[in-house]
Every structure is written in structure tokens, then in C-alpha cells.
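K.L.:
Please work out how this folds:
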Amino acid sequence: MADHPAPSERFLQGMRTRRSVLGDAHVDRAEANKTAFDQPFQELITEGAWGTVWSRTNWTKRERSIVTIALLAALGHHDEVAMHIRATANTGATPEDIREALMHVAIYAGVPAANHAFKIAKATYAEMDKTGSDGQAAGEMK
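P.N.:
Okay, here's the model as predicted:
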């Protein structure tokens, strides 16, 4: 690979925020699975999503978590719904918060989208209860 410049402050902030929300284990797995092909994409989401949007101070991580889960559910991004449900262990969003967000999804994005998201949330919370706060068994890859 070519020489890369030092990471920007936005990237470094993004990595700190990403780790605080998703947890070190998740981020370490993602970093270990990064290739030259997807490295630019990983840098983009670290800087843009985590370093810009998630690092803003206008909303708490709890609020961002609730809104993110609702948007992901409405758009049918099921793997991301599960990942962000696991992240609620770090953001402070409660199952009650997520239930209310998914009720909004039902009204504004459709009952089928909310129905599937409720199914994912129930399974993910059950998994978290069995394996620990991030829902990943020891050594499990995501």
C-alpha cells in the first residue's frame, strides 16, 4: 500500500466516538477485517458518520442511538439495526426508548418495517442477555 498521511483530527475523533458507541471489540474486529479495497470507505465512515455527525454535541449519544435505530429500521437495514441495538449498552438508550422509536417507524414508515425491526430487536436483546452487553460471544466475528 502507498504511504498514508497521518490521520486527521476528525478521523481520530471519529475513532474515539466509534469506540465509545460500538465498543472496542467491535471496532477492533472491523479494523482487523479492513482491506486495501475498503480502507477508503472505512475512513469515510469514521470521519463522516463518527467524527462529524455522532461527535456533535447537540444531541446525546442516547438520542442519536434512538434516531439511528429508527432510521435504519425504516430503511430496512437489518444488520445495522442489530448492531445499533447492541450499541445501546454504551449509549444509554433503553429498550423502552427503542420500543417507542419503533412505534414511530410503524406509523411513519410502515408496519412491515417496524414488525421486522421488533423481531430483530427482540432477538438482539435476548442475545445480549445471554452473551453480555455487546451481544457477541467471545471470539465471534461480525
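K.L.:
Give me the most central residue, this protein.
P.N.:
Nearest to the mean C-alpha position of the chain, by C-alpha atoms, centre = their mean, lies His84 at 3.6 Å.
K.L.:
Contacts only, for that residue.
P.N.:
Applying C-beta atoms under 8 Å, 6 or more residues apart in numbering to His84 gives the contacts Ser65, Thr68, Ile69, Leu72. For glycine as for every other residue, the C-beta is placed from the backbone atoms N, C-alpha and C.
K.L.:
Find the helix or strand that the nearest residue to the third one once chain neighbours are set aside is a member of.
P.N.:
If I follow you right, that is Ile69. Using C-beta to C-beta, 6 or more residues apart in numbering and skipping the chain neighbours, the partner closest in space to Ile69 is His84 (5.0 Å). According to DSSP states H and E, His84 maps onto helix 78-91.
K.L.:
Check the model's average confidence along that helix for me.
P.N.:
Throughout helix 78-91, pLDDT has a mean value of 97.
K.L.:
what does stretch 35-45 give?
P.N.:
Per-residue scores along stretch 35-45 average to 96.
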